[in-house]
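Just a sequence and a predicted model for now, questions to come.
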Amino acid sequence: MSKIKLHNSKARRKELFEPIDPSNVRMYLCGPTVYDRAHLGNARNVIVFDVLYRFFREIYGEHNVKYVRNFTDIDDKINQRAKDLGKEIKLITDETIAWYLEDMELLGNLLPNEMPRATNYVAEMIIMIEDLIKSGHAYEAEGHVLFSVASYKDYGALSGRSIEDMIAGARVEIAPYKANPLDFVLWKPSSDDLPGWESPWGRGRPGWHLECSAMSHDLLGDTFDIHGGGNDLIFPHHENEIAQSKCCFPSGGFANFWLHNEMLQVDGKKMSKSLGNYFTVRDLIEKGFPGEVIRFVFLSTHYRKPMDWTELKANQADSTLKRWYDMCSNLEEDLKPSAEAIEVLSDDLNTPAVIALLHKHFQSKNFAQLKADANLIGLMTPEFKDWAFDFDLSKYEEALMEVRSEAMITKNFDHLDDLKDKLSKAGVEIQMSTDTVKLVPTLKLDLAKLESIL
RNA sequence: GGCGGGUUGGCGGAGUGGUGACGCAGCGGAUUGCAAAUCCGUGUACAGGAGUUCGAUUCUCCUACCCGCCUCCA
């Protein structure tokens, strides 16, 4: 079995990955806060983790990997959203979760084994907070419960910061009830118009992202293999998560590996809601970009490098995939992934190298292997359902064939050239040999123009 | 200010202490009524400087520029 190396944020370098238990490999991905459509950046770590999940299933066996991804459905942004729209919170979160699952499925992602929701873990969170207070890692102040950062000596280890530095450079307004400026809120009081749960500290709600600690512990145990998310979560989100989990479950090691993906960018700047430079997965789908094309573009860049979404990349991905599908659609052989594909993927999920390998398979006409290796990273899988062929252009093909036969006899090519020009302008690629005609739709297909031709 | 990451040919994008991936575009050829598609062939790169080394794009240091986190953010 090939050695798997993964970049561990905790160590800041690639490390040899060995599962705690090869018959139960456990991974956790920080899922979305559900108040709005997922933007394209949100899809990146889902795709990265999906590749990791598929890869692990291949290496360790389909039933020996457990993948958990949560939904955070308690959050002040959700509360605000509900207020703005005048809708019930539950309706918003349910709807957003349904959208999210639809969008992620369109990108060819498998469902995780578990998708817990924060609202189902409030009792566990309250117990954790009580334990943290008992062990001196948290304290109550003015109806809030705060985690005491000073009580955890390794606070800052993941993000490489010291408590002193952070205080010195702090730009945060410090609440008066905090013993230390960096202490973070585990529980906060809710007014009557806000969602709340009864607790030893009165009616309130979780303050920080305690749910990830509660859910990962419940579903994966107090030590598991991999925890991941976008690199913007390293601080404070994951730093806090480590602190509260390690202090609450001191016998456990929490996550052995931390995987963080780089940000998706727009014109060199991080795509984010606060900058407003985002578009959603749904926007792209509605503009006609197939999910598989989007996935291909994502996998063309290594997950730890920033990447820009561009239509140029999408168009290239589209034509590449169509060329591949053309040769791979009716294969009888069903191969295993190649040793070479496994090897490059073993080196910190080098998906661009896998894609380069796919091109080589295509060059050498090794189509069965091309498909098998593509499947390994979730491309050309049955879920994508032949989008590359689902548009019928046969009546245009017949018309073109007829006009051409005629032109070949009369030697007057005006009509034929005109037809070809129109098809091309409608976004159709024309492929002709001496006796065949084939039309292939591109992403620039313009239905109005196409229909006006015949 | 603190911490982390990046800078590879026209574009995208891997990787390596010594024989310069891969894709797209380009160029030449085959093919074609002409094109396209296809096939064959082909050129160009490692931000700048210093150091280590027989040899550096790859290691070390410095400089420049870019990006992220430190506030909700994947």
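Ah, there it is.

how about the residues of the stretch 351-454 of chain A near RNA strand B?
By the rule C-beta under 7 Å from any atom of the strand, the part of the stretch 351-454 of chain A lying against RNA strand B is A:352-353, A:355-356, A:359-360, A:363, A:404, A:407-408, A:413, A:416-417, A:420, A:429-434. From N, CA and C alone the C-beta is placed, and that goes for glycine too.

Where is the longest helix in chain A?
Criterion DSSP state H: the longest helix present in chain A is helix A:40-60.

next SSE after that helix?
Once helix A:40-60 ends, the next helix or strand along the chain (criterion: DSSP states H and E) is strand A:65-69.

Now do that following strand: which elements does it pack against?
Judged by 3 or more C-beta pairs under 8 Å, 6 or more residues apart in numbering; DSSP states H and E, strand A:65-69 is in contact with strand A:25-29, helix A:40-60, helix A:210-220.

chain center to the next helix or strand after it, what's the gap?
Proceeding N to C from strand A:65-69, the next assigned helix or strand is helix A:76-85, under DSSP H and E. For helix A:76-85, the separation from the chain centroid amounts to 24 Å (computed by C-alpha atoms, centre = their mean, to the nearest Å).

And for stretch A:129-147?
With C-alpha atoms, centre = their mean, you get 34 Å for stretch A:129-147.

Could you do stretch A:69-85 as well?
Mean-position distance between stretch A:69-85 and its chain equals 20 Å (C-alpha atoms, centre = their mean).

Touching it from outside, list them.
Residues outside stretch A:69-85 that contact it (C-beta atoms under 8 Å, 6 or more residues apart in numbering): A:28-36, A:46, A:49, A:87-89, A:92-93, A:97, A:100, A:112, A:114-119, A:122, A:194-195, A:205-206, A:209, A:211-212, A:215.

and RNA strand B, which of these reach it?
A:30, A:32, A:33, A:209.

What is the neighbour count of the first one?
One way to gauge burial is a neighbour count; for residue A:30, by other C-beta atoms under 10 Å, it gives 22.

give me the residue from the stretch 151-300 of chain A nearest RNA strand B.
In the stretch 151-300 of chain A, no residue comes nearer to RNA strand B than residue A:230, which is 1.9 Å away by C-beta to the nearest atom of the strand.

For that residue, give me its contacts.
A:30, A:41, A:44, A:45, A:260, A:261, A:263.

Save these as JSON lines, and put in pLDDT too.
Listed next are these as JSON lines, based on pLDDT from 0 to 100:
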{"residue": "A:30", "pLDDT": "95"}
{"residue": "A:41", "pLDDT": "95"}
{"residue": "A:44", "pLDDT": "96"}
{"residue": "A:45", "pLDDT": "94"}
{"residue": "A:260", "pLDDT": "96"}
{"residue": "A:261", "pLDDT": "96"}
{"residue": "A:263", "pLDDT": "95"}
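
Please identify which of those residues is nearest to residue A:380.
Distance to residue A:380 across these (C-beta to C-beta) is lowest for residue A:44, with 20.4 Å.

what's around that closest one, how many residues?
20.

what does the one 5 residues further on give?
By the criterion of other C-beta under 10 Å, residue A:49 has 27 neighbours.

Next: the one 4 residues further on.
As a burial measure, the neighbour count of residue A:53 was computed by other C-beta under 10 Å and equals 23.

Local confidence estimate at it?
Here, the pLDDT recorded for residue A:53 equals 98.

wait, it sits on residue A:27?
Yes: under the criterion of C-beta atoms under 8 Å, residue A:53 makes contact with residue A:27 at 7.0 Å.

Show me whatever sits in contact with both of the two.
With contacts defined as C-beta under 8 Å, 6+ apart, the residues adjacent to both residue A:53 and residue A:27 are A:65, A:67.

what distance separates the helix or strand bottoming out on mean pLDDT in chain A from the centre of its chain?
Least confident helix or strand of chain A, by mean pLDDT, DSSP states H and E, is helix A:163-168 with a mean of 78. Relative to the chain's own centre, helix A:163-168 is displaced by 33 Å; criterion: C-alpha atoms, centre = their mean.

same check, this time on stretch A:279-295
Here stretch A:279-295 shows a centroid-to-chain-centroid distance of 14 Å under the convention C-alpha atoms, centre = their mean.

Please identify the buried residues of that stretch?
A:280, A:281, A:282, A:284, A:285, A:289, A:290, A:291, A:292, A:293, A:294, A:295 (16 or more other C-beta atoms under 10 Å).

What spatial separation is found between the fourth one and residue A:213?
Note on residue A:284: its distance to residue A:213, by C-beta to C-beta, to the nearest Å, is 34 Å.

Residue ranges in the stretch 251-400 of chain A under the pLDDT threshold?
Scanning the stretch 251-400 of chain A for pLDDT under 70 picks out the ranges A:385.

any chance you could map the strands in the stretch 201-350 of chain A?
Shown for the stretch 201-350 of chain A, the strands assigned by DSSP state E, counting those that start in this stretch span residues A:204-206, A:223-230, A:254-261, A:264-266, A:269-270, A:307-308.

All the strands of the stretch 351-454 of chain A, in order from the start?
Under DSSP E, counting those that start in this stretch, the stretch 351-454 of chain A gives strands at A:428-432, A:437-441.

Of these, flag the one that's most buried.
Among the strands of the stretch 351-454 of chain A, ranked by average contacts under mean count of other C-beta atoms under 10 Å, first place goes to strand A:437-441 (a mean of 18).

Surely residue A:28 touches residue A:216?
Yes: Residue A:28 is in contact with residue A:216 according to C-beta under 8 Å; the separation is 4.8 Å.

between these two, which one's more packed in?
Using other C-beta under 10 Å, the more surrounded residue of residue A:28 and residue A:216 is residue A:28, with 27 against 24.

could you list every residue that touches the more buried one?
A:67-70, A:212, A:216, A:219-220, A:224, A:226-228, A:255.

State the distance from the closest residue to residue A:57 other than its chain neighbours to RNA strand B.
On the basis of C-beta to C-beta, 6 or more residues apart in numbering, the spatially nearest residue to residue A:57 that is not a chain neighbour turns out to be residue A:65, at 5.2 Å. Spatial separation of residue A:65 from RNA strand B under the definition C-beta to the nearest atom of the strand, to the nearest Å is 21 Å.

residues near residue A:65, how many?
24.

who does it bridge with?
Counting by DSSP bridges, residue A:65 is bridged to residue A:25.

quick one: low-confidence ranges for the stretch 101-250 of chain A?
A:168-173.

Looks to me like residue A:146 is in a strand.
Yes: when DSSP: H, G, I helix; E, B strand; the rest coil is applied, residue A:146 is found to be in a strand.

and the spatially closest residue to it that is not a sequence neighbour, what does it touch?
Spatial nearest neighbour of residue A:146, chain neighbours left out: residue A:183 (4.4 Å); criterion: C-beta to C-beta, 6+ apart. For residue A:183, the contact set (C-beta under 8 Å, 6+ apart) comprises A:146, A:147, A:148, A:149.
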